[in-house]
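> Sequence and predicted structure are below.
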Amino acid sequence: MTTETVTENVISQSAAAMTPPAPATSKRLVYRHSLPIRLMHWINVISLSLMFFSGLQIFNAHPSLSWGNYNNPDKPLLALDAREDASGNLIGITRIGKHEFNTTGVLGVSKGPDGTPTARGFPSWLTVPGPGWLSMGRQWHFFFAWIFVLNGLCYIGYSLTKKHVQRDLWPTKADWRGIGQSIADHVRFKHPHGEEALRYNILQRLAYLIVIFVFGIGIVLMGLAMSPRMDAVLSPMVELVGGRQAARTIHFIIAWAFVAFVLIHVFEVLISGVFNQLRGMITGYYKVDVEPVSVVKNEPVAVIKETTHD
Amino acid sequence: MTDRRTFLRMAIMGTAGLLVAGCDKISQSSWGPKVLGKAQGLNRRVQALLSPSSAMAKEYTEADISPTFHPNGTTMPDTDEYQALMANNFRDYKLKVTGLVTTPGEFSIDDLKKLDNRTQITRHDCVEGWSAIGKWQGTQLSALLDHVGVDPKARFVVFHCLDNMDVDTPYYESVDIEEARHPQTLLAFNLNDKPLPVSNGAPLRLRVGRQLGYKQAKYIGSIELVDSFAKIGSGNGGYWEDQGYEWYAGI
């Protein structure tokens, strides 16, 4: 997030000419996201989406999660099962620990290509490819896994050398002190539109750091932990997290944690000015409100006030 | 409210559906799988760098053995040849070794037991996602290869199995010489201190310590050393490989 200002007062010319000292705030376009960051962001959107959908395809081959090194069919942590009810209809059962839920239509049993209820973990509209096709799901998954990993390494390398992580993501002491206020602002959907919007707030900083360094690295390591060839060298890590099936479970949980992050991320984009945010991540330019120029010029007090504020 | 919810649901399902449909077109195209498949070669090469060919699969203790060892794929071969062998408790069984070897031969289970044996408690990871742990005892494939003498032209060891997957389509698998010579690559005849059960591949199955389940060929009838597997089956090196699974099953 470089805040290199390529100023351009977007105050409408006619408005400026006809109604002098307008109370309306003027706006400033700021070059906020550099080209590499924007590219890597959108590459990540594509690779993460396809890995998620193809991951659910792979999961469907064994729609059950266990802890430990082998799976225990009697005690799954989560299972998407199908069974027949008394009248012979297929019903989808989602088991979480000891609890069972009827999830017919979505989980366990959903409509197949010909419209008849079919036993499958996740429905075809959430898997790549749509029909049950494990080998092709793996092809998609590993292809985009490479893109995800290489893109992620480029991102981390770029962000560290350009001090993006240190400057924009790592929370300052002041950020930590403001965490209560930041939470209060978030739950009231209050977002700054002025210069403050250019700075990531503490919750954003924590969210991005956790997503990049915990989820991102974690999901790759847990993916590698499922590879029998890699386990010849990674087995201490596999045992540390609780075994290969535990690694598979963690991989699954992080995948859904990514989904939760994306939902919140997209929600925040929608409520904080979707057009401005999208332009920021596509063209790099982000618009912020600035105090009317005349006010700043004529009243030195305001300037002093601002400097002390900083 | 209901309308909005329905709309939202339709929108989400519609978007996901379009994306999935687009991906399905690519999956069914002639170029899609070729492009996606490039990652598989990368997996094999990079994994060989990160996890050297000499690296050993983790070996577990007796306490770690799973209560069941789920039999997958064929659990009862229905060919006449196999049924006849099974009727006599495999006493007439002979493993044939053919192809690019100095001295082709036939080996009974007792003959194999006289070669270097190994016992290992290793984890079996199915491509579907589940795992099981079993104690395997078997002849090291390297010992058998040394016994018959391998022609320097040989690059792969092919395992021809006694079970048919479809009509006249026997199961088969292959590994390269390096994997074949790994100390944990066994022709296993015992599982958990008992002769291998029929459902798990009696009388002889392959154990490769660092590859997925479909590599672990069951009901091995013969071993063939070849310089290429292009002319075997559909030419991809194994039954599941011919169905689109990757030959390298290390991930």
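Sure, I can see it.
> Is the helix or strand containing residue A:235 positioned near chain B?
Following DSSP states H and E, one finds residue A:235 within helix A:228-240. Yes: residues of helix A:228-240 are located near chain B by CB under 8 Å from any CB of the partner chain, namely A:228, A:229, A:230, A:231, A:232, A:233, A:234, A:235, A:238, A:239. (Each C-beta comes from the backbone N, C-alpha and C, glycine too.)
> From residue B:49, how far out is the residue nearest to the second one when sequence neighbours are not counted?
If the residues on either side of it in the chain are set aside, residue A:229 comes closest to residue B:250, at 3.1 Å by CB to CB, 6 or more residues apart in numbering or on different chains. The span separating residue B:250 from residue B:49 equals 12 Å under the rule CB to CB, to the nearest Å.
> Those two: who's more crowded?
Using other CB atoms under 10 Å in any protein chain shown as the criterion, residue B:250 and residue B:49 rank with residue B:250 on top: 21 against 7.
> Taking the stretch 101-250 of chain B, what residue is nearest to chain A?
Here the stretch 101-250 of chain B gets closest to chain A at one residue, residue B:250, 3.1 Å apart by CB to the nearest CB.
> Tell me the confidence at that residue?
On pLDDT, residue B:250 comes in at 95.
> what do you get for residue B:4?
At residue B:4, the pLDDT value in this model is 77.
> mind checking how far it is from residue B:10?
11 Å.
> Can you list the low-confidence ranges for chain B?
Along chain B, the parts satisfying pLDDT under 70 run over B:1-2.
> can you give me the helices in it?
Remark: helices assigned in chain B by DSSP state H are B:2-28, B:32-50, B:80-87, B:109-114, B:141-148, B:177-180, B:239-242.
> Single out the most deeply packed of those.
Ranked by mean neighbour count, the helices of chain B are led by helix B:239-242 with a mean of 22 (mean count of other CB atoms under 10 Å in any protein chain shown).
> Can you name the residues in contact with it?
The contact list for helix B:239-242 (CB atoms under 8 Å, 6 or more residues apart in numbering or on different chains) reads A:135, B:127, B:165, B:169-173, B:214, B:233-236, B:247.
> Just want the angle from the following helix or strand past the helix holding residue A:235 to helix A:228-240.
Heading C-terminal from helix A:228-240, the first helix or strand you meet, by DSSP H and E, is helix A:244-271. Relative orientation of helix A:244-271 and helix A:228-240, computed by axes from the mean of the first three to the mean of the last three CA atoms, to 10 degrees: 90 degrees.
> so where is the stretch 151-300 of chain A shaky, pLDDT-wise?
Within the stretch 151-300 of chain A, the stretches with pLDDT under 70 are A:291-300.
> Residue numbers of it in contact with chain B?
Residues of the stretch 151-300 of chain A lying near chain B (CB under 8 Å from any CB): A:226-235, A:238-239, A:244-245, A:248.
> And these, which of them are buried?
Neighbour-count burial (16 or more other CB atoms under 10 Å in any protein chain shown) is assigned, among those, to A:226-235, A:238-239, A:244-245, A:248.
> ok, so of the residues you listed, who is nearest residue B:228?
Comparing these against residue B:228 with CB to CB picks out residue A:229 as the nearest, at 23.1 Å.
> show me what contacts that closest one?
By CB under 8 Å, 6+ apart, the contact set of residue A:229 is B:47, B:51, B:210, B:211, B:250, B:251.
> Ok, residue B:161 next?
Per CB under 8 Å, 6+ apart, neighbours of residue B:161: B:170, B:171, B:172, B:173, B:217, B:218, B:219, B:220, B:221.
> Next up, the contacts around the closest residue to it other than its chain neighbours.
The spatially closest residue to residue B:161, leaving aside those adjacent along the chain, is residue B:171, at 3.9 Å (CB to CB, 6+ apart). By CB under 8 Å, 6+ apart, the residues touching residue B:171 are B:73, B:74, B:161, B:163, B:164, B:165, B:217, B:218, B:219, B:239.
> ditto for residue A:272
Taking CB under 8 Å, 6+ apart, we find residue A:272 in contact with A:191, A:197.
> swap in residue A:37?
Listed by CB under 8 Å, 6+ apart, the contact partners of residue A:37 are A:1, A:155, A:158, A:159, A:164.
> Hmm, residue A:221 and residue A:237 touching each other?
Yes: with contact defined as CB atoms under 8 Å, residue A:237 counts as touching residue A:221 (6.8 Å).
> ok, so what distance separates residue A:92 from residue B:236?
35 Å.
> Neighbour count for those two, which is higher?
For residue A:92 versus residue B:236, neighbours defined as other CB under 10 Å are more numerous around residue A:92 (24 against 18).
> What strand or helix carries the more buried one?
strand A:90-96.
> Output the contacting helices and strands for the helix or strand following that strand.
Next along the chain after strand A:90-96, taking DSSP H and E as the criterion, comes strand A:99-102. Secondary-structure packing of strand A:99-102 (3 or more CB pairs under 8 Å, 6 or more residues apart in numbering or on different chains; DSSP states H and E): strand A:90-96.
> So what are the sheet partners of the strand it packs on and their directions?
Using DSSP bridges, the strands paired with strand A:90-96 are strand A:78-84 (antiparallel), strand A:99-102 (antiparallel).
> what about the first one, average pLDDT?
Think strand A:78-84. On average, strand A:78-84 scores 94.
> would you put the C-alpha positions of that strand in CSV?
Presented in CSV, the C-alpha positions along strand A:78-84 are these (Å, rounded to 0.1, in the frame of the first residue of the first chain):
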residue,chain,number,x,y,z
LEU,A,78,-17.1,-34.9,10.5
ALA,A,79,-18.8,-37.2,8.0
LEU,A,80,-21.1,-36.5,5.0
ASP,A,81,-23.0,-39.7,4.7
ALA,A,82,-26.0,-41.0,2.7
ARG,A,83,-28.5,-43.5,3.9
GLU,A,84,-32.0,-44.7,3.0
